[in-house]
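Q: Give me a model of this one.
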Amino acid sequence: MDIEQIICESTLYIRAQYNEPITVADIAADVCLSPSYFSFMFRTFTGYTVKNYLNRYRLYCAASDLRDSSKPLVEIAYAHGFSSQQAFTRSFSQMYGTSPAQFRLQKLSVSPFPPENLWLAGRTASMELMQCFENVRFMHKDAFYVVGVEVDIHYNSDDGTSPIGGLWEVWSKEKIAEQISDQLLDGVVYGITHSETADNKAKYFIGVEVKNLDNLPVGLVGRKFHASEIAVFNTTLAIILTGDFWRTFYSKWLPSSGYKTHDEPHRTSAFDKYPTIEVYGRDFDGEQSVMQIYAPVARI
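A: Residues are numbered from 1 along each chain as shown. Below is the predicted model:
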């Protein structure tokens, strides 16, 4: 599956349907991805949340209409997918720093949207980034159990992943690892994005691998994930946080690797059975420290 092409097709769907009351779920269904997985991929490849991209495109089309026609504001609002003139005026003013009426009166202009450099995956990768994809190793990981804490995250909100930082603070401050028995990997902590909840949210989990869930401490969460072949990458948290790792993974490494990601996550829940895993060893010490990514894959 060419995920970059799929995301491109989703932008064409938005262009064709933007003036209708479409939702993230509608767009995801058109390209046969689950809403949460689609939202993650869309943000990874474009740098925008789906909702932000849709709203920006509506506003740009409305601004063009304001500039090139004498249509009433209310007509322009409804023609470009806004629920009311008030909603249009509020959104337009927030985006462009002036009201639609003043924009028209002053004959202002705006930069085209989407911008020509939308496809961030097309950027030249740095040497440091490309080193992440050298000496990739593969291993089989049996079904496994983890115990820890988790929080809801949302790829369709600009600050939707901000709870992750707070969760790591809780993990460290409350020394949660010390509360968990039957650990299998000494000093190794996982960061796992998995599942989908209401409103197309996902969950971010911090925890350790254990033998089973028989001794689950009160207040902590236990999860089981499926067996899979795993591609293991060495990288840093700094690279992960830029989004460059996953853009390169899907647009460059995966298509030439002889592997694919599992089909099920694309059609049902995003990360439920085969989550990607951030692996932090005992020596991990900040964004520049080496960590690992476990990416579940299957042979083509």
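Q: Isn't Q183 up against V208?
A: Yes - taking C-beta atoms under 8 Å as the definition, Q183 is a contact partner of V208 at 5.1 Å. Any C-beta I mention is one placed from the backbone N, CA and C, and that applies to glycine too.
Q: more crowded one of these two?
A: With neighbours defined as other C-beta atoms under 10 Å, Q183 and V208 compare such that V208 has more, 20 against 15.
Q: Which pLDDT value goes with that one?
A: V208 is assigned a predicted lDDT (pLDDT) of 98.
Q: Please apply the same query to the one 5 residues further on.
A: At L213, the predicted lDDT confidence score is 95.
Q: That one: what secondary structure?
A: Put simply, L213 is coil when judged by DSSP: H, G, I helix; E, B strand; the rest coil.
Q: is it true that A231 touches A298?
A: No - using C-beta under 8 Å, A231 is not in contact with A298; the gap is 10.4 Å.
Q: and the strand or helix carrying R67, which residues are buried?
A: Using DSSP states H and E, R67 maps to helix 50-68. For helix 50-68, a neighbour-count test (16 or more other C-beta atoms under 10 Å) marks 50-66 as buried.
Q: Sticking with the residue nearest the centre of the chain, tell me its helix or strand.
A: Nearest residue to the geometric centre of the chain (C-alpha atoms, centre = their mean): F40, 2.4 Å. Using DSSP H and E, the element containing F40 is helix 35-46.
Q: For that helix, name the packing helices and strands.
A: helix 3-17, helix 24-30, helix 50-68, helix 244-248 (3 or more C-beta pairs under 8 Å, 6 or more residues apart in numbering; DSSP states H and E).
Q: Serialize those to JSON lines and add fields for mean pLDDT and distance to A177.
A: Shown next, in JSON lines, are the helices and strands packed on helix 35-46 (pLDDT from 0 to 100; distance: least, C-beta to C-beta, whole Å):
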{"stretch": "helix 3-17", "mean pLDDT": "92", "distance to A177": "35"}
{"stretch": "helix 24-30", "mean pLDDT": "92", "distance to A177": "35"}
{"stretch": "helix 50-68", "mean pLDDT": "96", "distance to A177": "36"}
{"stretch": "helix 244-248", "mean pLDDT": "89", "distance to A177": "25"}
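Q: want to throw those into CSV with distance to A143?
A: As requested, the helices and strands packed on helix 35-46 are exported to CSV (distance: least, C-beta to C-beta, whole Å):
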stretch, distance to A143
helix 3-17, 26
helix 24-30, 28
helix 50-68, 32
helix 244-248, 25
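Q: Tell me which of those helices lies nearest to L220.
A: helix 244-248 (28.3 Å; C-beta to C-beta).
Q: for that closest one, packing partners?
A: helix 35-46, helix 127-131.
Q: Now the shortest one: buried residues?
A: Of the residues in helix 127-131, those buried by neighbour count under the rule 16+ other C-beta under 10 Å are L129.
Q: list the helices and strands the helix or strand just after that helix packs on?
A: Following helix 127-131 in sequence order, the next helix or strand is strand 137-141 (DSSP H and E). For strand 137-141, the elements it packs on are strand 228-236, judged by 3+ C-beta pairs under 8 Å, 6+ apart.
Q: so after the least confident helix or strand in the chain by mean pLDDT, what's the next helix or strand?
A: Sorting the helices and strands of the chain by mean pLDDT, DSSP states H and E puts helix 264-267 at the bottom, at a mean of 49. Using DSSP H and E, the helix or strand that follows helix 264-267 in sequence is strand 277-280.
Q: Would you mark the buried spots in that next one?
A: I277, E278, V279, Y280.
Q: Done for today, thanks.
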